[in-house]
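**Student:** Sharing a model prediction with you, sequence too.
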Amino acid sequence: MEKYKCEKKAQIKAKYTSELPRVSKPLSFYQRMGSQAPSLDTSIQVVDPPKPRSLTFKCPLSLKRQTIPARTADCQHLETFDLLSFVDAFSLMGILRVLHRCDPVPPHSIPHTCPICSTKAPLYIDTCIFSSLTLHPDLMSVTVSPGGHLTPPTPTPDHPCVDLTSPPLHPGTSCPPPDPVTIPTTQAGGRFSFGDLGCRLGRRCQRLSTVDLTEASPF
């Protein structure tokens, strides 16, 4: 039975690969993925330009890189699935149903259920994604430009980060600045000199005159 299933699946693969229509969708079909919906709040203005989206080449059935990208005629999503992996997933009843229909009608008239969105319609091969798979045999994904073109992904530049939590470094050193100096609290009738503060900071400061902190304010 397994030998029979393998032989019939190979027959279906050959027939579908050669007879399914190859469709080139307009750029607007791919451009939808790269655009962003406008904000409902008109008071918010987006400053950054929209970032390009990524399209994966991984088949949702086999989880491997696609060989022949396909979707149904009624699918509205950009993602595709691998045609060969799709046929491999056929059950025995599915194989018999397809072979029975293939005799009187061509493959592009046979409806199939999409494994991505469950839409049921005939299949076609996406030539744009197929060309991208051929041009970039080592990539698992591509970038959808704002114009709808499929291009290799560009590395994201490393933007400098500003650390707002760590204390700033002392100029010319790799160590943080010393702890802030606490001005000593004076007692009633006491005197405080700014020269003492200069000594605490370890700097050469000219000694200033002594200030009487207990003298009444002229105001």
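**Tutor:** Looks like it arrived, so ask away.

**Student:** residues making contact with the longest helix seen in the chain?
**Tutor:** Longest helix in the chain by number of residues (criterion: DSSP state H): helix 2-19. Contacts to helix 2-19, defined as C-beta atoms under 8 Å, 6 or more residues apart in numbering, come from residues 68, 83-84, 87-88, 90, 92, 95, 98-99, 102, 106-108, 123. Where C-beta positions appear, they are placed from N, C-alpha and C, glycine not excepted.

**Student:** which among these gets closest to R32?
**Tutor:** Of all these, R32 sits closest to L123, with 21.1 Å by C-beta to C-beta.

**Student:** Tell me which other helices or strands the helix or strand the closest one falls within touches.
**Tutor:** Using DSSP states H and E, L123 sits in strand 120-126. For strand 120-126, the elements it packs on are strand 22-23, strand 69-72, strand 111-113, judged by 3 or more C-beta pairs under 8 Å, 6 or more residues apart in numbering; DSSP states H and E.

**Student:** Would you format those strands as CSV with mean pLDDT and mean neighbour count included?
**Tutor:** As requested, those are exported to CSV (pLDDT from 0 to 100; neighbours: other C-beta atoms under 10 Å):
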stretch, mean pLDDT, mean neighbour count
strand 22-23, 95, 12
strand 69-72, 96, 24
strand 111-113, 94, 15
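
**Student:** and those as CSV, adding distance to S62?
**Tutor:** As requested, these are exported to CSV (distance: least, C-beta to C-beta, whole Å):
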stretch, distance to S62
strand 22-23, 21
strand 69-72, 13
strand 111-113, 16
